[in-house]
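Asker: below is the sequence, then the predicted model.
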Amino acid sequence: MVSRRTAVLLNAGHALDHMFLLIFATAIGTIAIDFGFADWESLMPYGVGAFALFGLGSLPAGRLGDLWGRRRMMLVFFFGMGASALIVALCRNAWELACALTLLGAFSSIYHPVGIPMLLRLSKRPGLTIGFSGLSGNLGVALSAVITGLLVKYAGWRAAFAVPGLVAIALGFVFWRVTPPESEPPARRTDKAAEGHGAAVARILIVMTAAAMSSSLLFNFTTNGNGELLRERFAGIVEDPAMLGFMLAAVYVIASFAQVVVGLLLDRFPLKTMYLAVVALQAPLFFAAAGATGWTLLALQIAFMVAVFGAIPFTDALIVRYVDDRMRSRVSGMRLFISFSVSSAAVWLLGPVVKAGGFRTLLFAMTAIALLTLVAVAFLPRPVRHRAGGGLAAPLPPSRNAAD
């Protein structure tokens with residue numbers, strides 16, 4: 001089990017990971033003006049490389065985490081994120097920015113397949129651990145809205161990348177000092193943390209990947225588009241960028257606690273039942289938000305972000321329950337490689353879709369994606385039996401009943 005100090009640093013890394021990826025989306029209006037673009041929608045496709053590498057890099061990152069060591073990879077994460085953010089701050093045009101953001105995406109891909117399995121190693125309450133990890137990541141989303149808004153307003157968009165970059169490097173040095181080296185890479189351990197049955201595990205991995213792809217699309221559409229959605233739907237009501245940043249941060253902070261609640265419940269109740277309940281909320285909320293403005297839109301935005309964030313812990317919970325710790329980074333990497341690579345299309349499509357049809361069209365599209373997620377989750381195997389209270393540690397059903 002990791003030490004408390006290491007756990008705090010790993011959760012801080014999760015917050016930074018999500019924060020860095022959304023600095024561009026939060027500051028895009030100012031960057032577009034600086035680089036001579038007529039509107040933010042035209043600049044948005046230049047950020048697609050960051051999100052593409054966020055997915056593509058997960059595969060080698062997960063493999064290196066298991067075979068080379070998770071501590072070493074987390075050091076690469078902290079120092080690489082910090083250095084690449086400083087490079088972004090020095091960019092002079094859109095193409096330099098696109099290349100630097102792609103480098104940032106490559107280093108950001110390390111955290112999920114490496115940091116989360118490291119955090120969950122021998123955790124006694126994996127659901128709660130996943131919940132707090134998710135809370136940390138989404139607080140990073142909230143911090144991005146607040147800190148980026150303030151730095152852009154008072155110091156410029158370059159400082160919005162440079163200051164967090166220096167923080168990441170500082171945390172890297174602290175992580176190096178407080179986290180002892182691993183005795184051996186995870187793949188070489190002789191213990192077993194989880195055991196599964198072939199047919200059930202194969203089916204679960206397929207369903208998990210399909211659900212993760214659609215969920216990642218929704219995550220990228222919302223977190224990259226929420227700022228401009230607020231700006232558009234609050235025109236004439238709230239105009240100050242810093243105030244809009246605080247409002248968006250409030251949305252993310254409130255929604256983030258959904259993951260802690262879900263994590264607590266995951267240690268007690270059947271995973272599939274809870275997963276279906278959370279995902280079922282998404283489509284009607286997106287549909288209702290399509291025509292909402294002002295404070296009604298803000299309330300619906302909080303609600304649909306609760307449903308989006310609340311769905312995140314389930315994929316990690318499935319991996320914890322069914323995959324041996326010695327190969328969790330590789331399995332996570334493969335899942336993230338597929339789902340995040342596909343969902344990076346959301347960043348490329350966001351600007352053109354909004355420019356052509358407005359946020360109303362985007363929210364209708366997200367309604368359809370949410371329904372696809374619900375269909376995918378419905379194909380998870382039905383739990384056959386559980387330990388007292390249910391939860392992640394419940395025994396697997398026999399393989400002959402995997403399709404029940």
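Answerer: Everything's here; your move. It should be emphasised that the depicted structure is a prediction, and the values quoted were computed from it without experimental measurement.

Asker: any idea how far Gln301 is from Ile254?
Answerer: 10 Å (CB to CB, to the nearest Å). All C-beta spots, glycine's among them, are computed from the backbone N, C-alpha and C.

Asker: then Leu151?
Answerer: 23 Å.

Asker: so the two - more neighbours on which side?
Answerer: Leu151 (21 against 16; other CB atoms under 10 Å).

Asker: so the residue nearest to the more buried one when sequence neighbours are not counted, which state does it fall into?
Answerer: Ranked by CB to CB, 6 or more residues apart in numbering and with sequence neighbours excluded, the top spatial neighbour of Leu151 is Ala160, at 4.1 Å. The three-state label given to Ala160 by DSSP: H, G, I helix; E, B strand; the rest coil is helix.

Asker: likewise the one 4 residues further on?
Answerer: Under three-state DSSP, Pro164 falls in the helix class.

Asker: which elements pack onto the helix or strand hosting Ile319?
Answerer: If you go by DSSP states H and E, Ile319 is part of helix 313-322. Secondary-structure packing of helix 313-322 (3 or more CB pairs under 8 Å, 6 or more residues apart in numbering; DSSP states H and E): helix 111-120, helix 126-154, helix 198-233, helix 241-266, helix 271-280, helix 328-343.

Asker: name the residues of it that are buried.
Answerer: Pro313, Phe314, Thr315, Asp316, Ala317, Leu318, Ile319, Val320, Arg321, Tyr322 (16 or more other CB atoms under 10 Å).

Asker: out of these, who's nearest Glu41?
Answerer: Checking the buried residues of helix 313-322 against Glu41 by CB to CB gives Thr315 as the nearest, at 30.6 Å.

Asker: the closest one contacts Ala210, doesn't it?
Answerer: No. Checked against CB atoms under 8 Å, the pair Thr315 and Ala210 is beyond contact range at 10.8 Å.

Asker: just give me the neighbour total for Lys124.
Answerer: Lys124: 9 neighbours (other CB under 10 Å).

Asker: show me the contacts for Gly47.
Answerer: Contacts of Gly47 were listed using CB atoms under 8 Å, 6 or more residues apart in numbering, and they are Phe24, Ala25, Ile28, Ala98, Leu101, Val347.

Asker: I'd like to know how far Leu217 sits from Ser256.
Answerer: 20 Å.

Asker: got it, and Arg189?
Answerer: 33 Å.

Asker: thinking again about what came up before, pick out the most distant pair among the buried residues of helix 313-322.
Answerer: Pro313 and Tyr322 (14.8 Å).

Asker: contacts only, for Phe149.
Answerer: Wrong residue type there; residue 149 is Gly, not Phe. With CB under 8 Å, 6+ apart, Gly149 has these contacts: Thr26, Pro241, Ala242, Leu244, Gly245, Phe246.

Asker: against Ala280, how distant is the first one?
Answerer: Relative to Ala280, Thr26 is positioned 30 Å away (criterion: CB to CB).

Asker: between those two, which is the more surrounded one?
Answerer: Thr26 (30 against 15).

Asker: show the contacting residues for the more buried one.
Answerer: With CB under 8 Å, 6+ apart, Thr26 has these contacts: Ser144, Ala145, Thr148, Gly149, Val152, Ala160, Gly227, Gly245.

Asker: which residue sits closest to the third one, ignoring its sequence neighbours?
Answerer: By that I understand Thr148. Thr26 (4.0 Å).

Asker: and that neighbour, how far is that from Leu218?
Answerer: The value you get for Thr26 to Leu218, if CB to CB is used, is 19 Å.

Asker: state the helix or strand in which Phe304 lies.
Answerer: Applying DSSP H and E, one finds Phe304 within helix 294-310.

Asker: got the angle between that helix and helix 241-266?
Answerer: 40 degrees (axes from the mean of the first three to the mean of the last three CA atoms, to 10 degrees).

Asker: so for helix 294-310, what gets flagged as buried?
Answerer: 297-298, 300-310.

Asker: could you provide those residues in TSV, with additional columns for pLDDT?
Answerer: Converted to TSV, those look like this (pLDDT from 0 to 100):
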residue	pLDDT
Leu297	90
Leu298	91
Leu300	93
Gln301	94
Ile302	94
Ala303	95
Phe304	93
Met305	93
Val306	93
Ala307	94
Val308	92
Phe309	88
Gly310	89
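
Asker: just flag the most distant two among those residues.
Answerer: Leu297 and Gly310 (19.8 Å).

Asker: tell me, how many residues neighbour the residue nearest to Ala365 when sequence neighbours are not counted?
Answerer: Spatial nearest neighbour of Ala365, excluding adjacent residues (CB to CB, 6+ apart): Val353 at 7.1 Å. Residues near Val353, counting by other CB under 10 Å, number 18.

Asker: could you do the one 3 residues further on as well?
Answerer: Number of residues near Ala356 (other CB under 10 Å) recorded here: 10.

Asker: buried residues in the helix or strand hosting it?
Answerer: Per DSSP H and E, Ala356 falls inside helix 345-378. By 16+ other CB under 10 Å, the buried positions in helix 345-378 come out as 346-351, 353-354, 359, 362-363, 365-367, 369-374, 376-377.

Asker: Throw the buried residues of helix 294-310 into a markdown table and include distance to Lys272, thanks.
Answerer: A markdown table is the format used below for those (distance: CB to CB, whole Å):
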| residue | distance to Lys272 |
| --- | --- |
| Leu297 | 32 |
| Leu298 | 32 |
| Leu300 | 27 |
| Gln301 | 28 |
| Ile302 | 26 |
| Ala303 | 23 |
| Phe304 | 22 |
| Met305 | 23 |
| Val306 | 20 |
| Ala307 | 17 |
| Val308 | 19 |
| Phe309 | 19 |
| Gly310 | 15 |
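
Asker: please consider this matter closed, and thank you.
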